[in-house]
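J.: What follows is a predicted structure for the sequence shown.
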Amino acid sequence: MPVDIPKKNNFTLIRSVLALIVLVRHCMDSSALAVFEPCRSFFESQDAVCLFFVISGLLVTASYGRCGSLKSYAAKRLGRIFPLYLFTVFVAALVLCLASSLPAALSRVFRSPAASPL
């Protein structure tokens, strides 16, 4: 019997707080500043990650339970995830292209007289 989770709930807030805990812990570990030492035990990222995935699993299972079939569920998930995936890949490619030395190298190649076919 699927669990009926109302649309208005605090799971998004809880998941956001858990993701923020992981982000803060990564920043604390990367900075290695002594000021963060008292906070390290509070921001346990392993526990936050585990709880995040438990809640996400509950929400995904409830979402599947509301759909009529696996085909309907897969189509809805694909329609929700794939556009954001494409956008993320496009932005990452754009940032990497702009941050790399490729544009400068291409401009040198196309300005070079040796590269000209004429």
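T.: Structure received. Residues are numbered from 1 along each chain as shown.
J.: Could you list every helix and strand that the helix or strand harbouring Ala62 packs against?
T.: Ala62 belongs to helix 45-66 when assigned by DSSP states H and E. Applying 3 or more Cβ pairs under 8 Å, 6 or more residues apart in numbering; DSSP states H and E, we find helix 45-66 packed against helix 11-31, helix 70-99. Where C-beta positions appear, they are placed from N, C-alpha and C, glycine not excepted.
J.: Distance from the chain centre to the shortest one, please.
T.: Okay, so that is helix 11-31. With Cα atoms, centre = their mean, to the nearest Å as the basis, helix 11-31 stands 13 Å off its chain's centre.
J.: what is the mean pLDDT for it?
T.: The average of the pLDDT scores along helix 11-31 is 87.
J.: how about the helices and strands packed on helix 45-66, which one is nearest Gly57?
T.: helix 11-31 (11.3 Å; Cβ to Cβ).
J.: relative orientation of that closest one and helix 45-66 in degrees?
T.: Orientation check (axes from the mean of the first three to the mean of the last three Cα atoms, to 10 degrees): helix 11-31 against helix 45-66 gives 150 degrees.
J.: Dump helix 11-31 to PDB, keeping only the CA atoms.
T.: Taking C-alpha atoms only, helix 11-31 is exported to PDB below (Å, rounded to 0.1, in the frame of the first residue of the first chain):
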ATOM      1  CA  PHE A  11      10.500  17.400   3.400                       C
ATOM      2  CA  THR A  12      11.900  20.000   0.900                       C
ATOM      3  CA  LEU A  13      13.000  22.200   3.800                       C
ATOM      4  CA  ILE A  14      14.600  19.300   5.600                       C
ATOM      5  CA  ARG A  15      16.400  18.100   2.500                       C
ATOM      6  CA  SER A  16      17.600  21.700   1.900                       C
ATOM      7  CA  VAL A  17      19.000  21.900   5.400                       C
ATOM      8  CA  LEU A  18      20.700  18.600   5.100                       C
ATOM      9  CA  ALA A  19      22.300  19.700   1.800                       C
ATOM     10  CA  LEU A  20      23.400  22.900   3.400                       C
ATOM     11  CA  ILE A  21      25.100  20.900   6.200                       C
ATOM     12  CA  VAL A  22      27.100  18.900   3.700                       C
ATOM     13  CA  LEU A  23      28.100  22.100   1.900                       C
ATOM     14  CA  VAL A  24      29.100  23.800   5.100                       C
ATOM     15  CA  ARG A  25      31.100  20.800   6.200                       C
ATOM     16  CA  HIS A  26      32.900  20.700   2.800                       C
ATOM     17  CA  CYS A  27      33.800  24.400   3.200                       C
ATOM     18  CA  MET A  28      35.000  23.800   6.800                       C
ATOM     19  CA  ASP A  29      37.200  20.900   5.600                       C
ATOM     20  CA  SER A  30      38.600  22.800   2.700                       C
ATOM     21  CA  SER A  31      39.400  25.900   4.700                       C
END
